[in-house]
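Engineer: below is the sequence, then the predicted model.
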Amino acid sequence: MPSEIPALTGSGAALVLLMKLLSKPVREVGELLTDYVRGWRLANLERIAQKLDTKLRERQLPPEIKPLPTGIGLVLVDAASREEDDDLQSLWANLLANHTDPNAGVDLDKDILDVLHQMTSIDARLLIYLQTHSADIHTALAGGFDTPRLARDLRVEPPRIARSINNLWRLGCLVQEQAGPQRLDGMGLRVVGPTADDNVSYGLSPLGEALLRAVRP
């Protein structure tokens with residue numbers, strides 16, 4: 001019914017994705033897209049929907065997306081539709097494919113969606129690198145995954161690696177595994193970070209591990 005949903009011209013994949021994800025009829029989804037997801041956001045959803053279709057075909061799964069509760073579904077639509085980066089769009093598609101795949105064992109929640117929404121593609125690459133390489137960062141004095149090595153391996157400038165570590169810490173994806181700078185917070189001393197001190201290393205937090213499970217290819 002193109003007369004009722006004029007914003008959907010050329011965006012059939014996004015429409016189908018939203019219908020399945022939110023368990024809403026075509027008219028309601030059309031109104032949502034017309035009023036809420038416009039222009040480039042609709043184009044972003046279109047690319048994610050196409051990537052998702054490819055991933056479901058590769059896994060030989062039927063193209064039936066497991067619906068989400070309306071609240072979580074709307075959070076996902078809002079976050080995913082704002083993502084222009086191709087690599088991160090692939091992670092959103094992986095997330096939906098794993099949510100749909102009964103063998104993946106992935107249950108989506110708002111924590112996962114919120115973290116993915118705030119990550120950059122370099123954050124994602126760094127998190128995957130850390131998981132692949134024993135999930136540790138050490139400073140140069142510790143002889144481990146210091147910033148220069150991470151920058152070389154990921155082909156990213158060192159200052160960008162430092163910002164990524166800070167962002168992943170802020171998002172709760174990293175934990176400090178050794179003593180670092182401390183302060184009194186009323187309950188005793190606790191570690192605050194991140195820091196580059198030579199007695200500090202980082203590992204993936206439970207949230208970081210859960211995120212990578214949710215977006216694995």
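Structural biologist: Ah, there it is.

Engineer: so what does the longest helix seen in the chain touch, helix or strand wise?
Structural biologist: In the chain, ranked by residue count with DSSP state H as the criterion, the top helix is helix 40-58. With contacts taken as 3 or more Cβ pairs under 8 Å, 6 or more residues apart in numbering; DSSP states H and E, helix 40-58 sits against helix 12-22, helix 70-80, helix 86-100. C-beta: built from backbone N, CA, C; applies to glycine.

Engineer: buried ones in the following helix or strand past the last one, by neighbour count?
Structural biologist: Right, the one you point to is helix 86-100. Tracing the chain past helix 86-100, the next element assigned as helix or strand by DSSP states H and E is helix 110-118. When neighbours are counted by 16 or more other Cβ atoms under 10 Å, the buried residues of helix 110-118 are found to be Ile112, Leu113, Val115, Leu116, His117.

Engineer: for this structure, what are the low-confidence residue spans?
Structural biologist: Applying pLDDT under 70 to the chain flags residues 1-12, 14-15, 18-19, 23-39, 134-145, 176-202.

Engineer: so what are the domain limits for it?
Structural biologist: Under automatic domain parsing, the residue ranges defining each domain of the chain are 6-107, 121-215.

Engineer: can you redo the helices and strands packed on helix 40-58 as TSV with mean neighbour count and distance to Gln131?
Structural biologist: Below are the helices and strands packed on helix 40-58 laid out as TSV (neighbours: other Cβ atoms under 10 Å; distance: least, Cβ to Cβ, whole Å):
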stretch	mean neighbour count	distance to Gln131
helix 12-22	21	28
helix 70-80	18	22
helix 86-100	21	14
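
Engineer: as a markdown table, those with distance to Leu204 would be great.
Structural biologist: Formatted as a markdown table, the helices and strands packed on helix 40-58 follow (distance: least, Cβ to Cβ, whole Å):
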| stretch | distance to Leu204 |
| --- | --- |
| helix 12-22 | 28 |
| helix 70-80 | 21 |
| helix 86-100 | 16 |
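
Engineer: and the ones you listed: which comes nearest Trp169?
Structural biologist: helix 86-100 (19.3 Å; Cβ to Cβ).

Engineer: and the closest one, C-alpha only, in PDB?
Structural biologist: Taking only C-alpha atoms (Å, rounded to 0.1, in the frame of the first residue of the first chain), the coordinates of helix 86-100 have been written out as PDB:
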ATOM      1  CA  ASP A  86      29.800  -0.600   7.300                       C
ATOM      2  CA  ASP A  87      31.700  -2.800   9.800                       C
ATOM      3  CA  LEU A  88      29.300  -1.800  12.600                       C
ATOM      4  CA  GLN A  89      26.300  -2.400  10.400                       C
ATOM      5  CA  SER A  90      27.700  -5.900  10.000                       C
ATOM      6  CA  LEU A  91      27.800  -6.300  13.800                       C
ATOM      7  CA  TRP A  92      24.100  -5.200  14.000                       C
ATOM      8  CA  ALA A  93      23.300  -7.800  11.300                       C
ATOM      9  CA  ASN A  94      25.300 -10.400  13.300                       C
ATOM     10  CA  LEU A  95      23.400  -9.500  16.400                       C
ATOM     11  CA  LEU A  96      20.000 -10.100  14.700                       C
ATOM     12  CA  ALA A  97      21.200 -13.300  13.000                       C
ATOM     13  CA  ASN A  98      22.400 -14.700  16.400                       C
ATOM     14  CA  HIS A  99      19.200 -13.600  18.100                       C
ATOM     15  CA  THR A 100      17.300 -15.500  15.400                       C
END
